[in-house]
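*Asks:* give me a 3D structure for the following:
(one chain, ligands or ions: 2)
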Amino acid sequence: MTPWRAAAPGELCTCGRQAREVFARSDGEEIGYCGVPDGGAKAGQCPFCGMRRHSPGPCPRYTLRLPEGAVKRDDSEPKGS
Ligand SMILES: [Zn+2]
Ligand SMILES: [Zn+2]
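*Replies:* Ligands and ions are numbered 1, 2, ... in the order given. Okay, the predicted model is just below:
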């Protein structure tokens, strides 16, 4: 079973939209879901790292709430794929 709750304002889906529901993973991390299963594919850049969209799966920098201000540039992200 996956426990979930209604999302609060400011809590984000992995696609960057306002989340509608928030799921708690077994490791305690919370993941928002906006109800649209497209992963934000048409929404341009990844809202969390400012780079291209990730598919499949959320951004490695995904957080339920964005820190205040804009996306912070950080070049330490390992190159994947
Ligand atoms: Zn979404
Ligand atoms: Zn990203």
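*Asks:* number of nearby residues for Ile31?
*Replies:* By other Cβ atoms under 10 Å, the residues close to Ile31 number 20. For glycine as for every other residue, the C-beta is placed from the backbone atoms N, C-alpha and C.
*Asks:* not counting its neighbours along the chain, what's nearest the residue most central in space within the chain?
*Replies:* Nearest residue to the geometric centre of the chain (Cα atoms, centre = their mean): Thr14, 2.4 Å. Nearest non-adjacent residue to Thr14, counting by Cβ to Cβ, 6 or more residues apart in numbering: Pro58, 3.5 Å away.
*Asks:* thought that neighbour was touching Ala19?
*Replies:* No - counting by Cβ atoms under 8 Å, Pro58 does not reach Ala19; the two are 11.8 Å apart.
*Asks:* more neighbours, the two?
*Replies:* Ala19 (25 against 18).
*Asks:* residues in contact with Trp9?
*Replies:* You called it Trp, but residue 9 is Pro. Gln18 (Cβ atoms under 8 Å, 6 or more residues apart in numbering).
*Asks:* assign it to helix, strand or coil.
*Replies:* Recorded secondary structure, Pro9: coil (DSSP: H, G, I helix; E, B strand; the rest coil).
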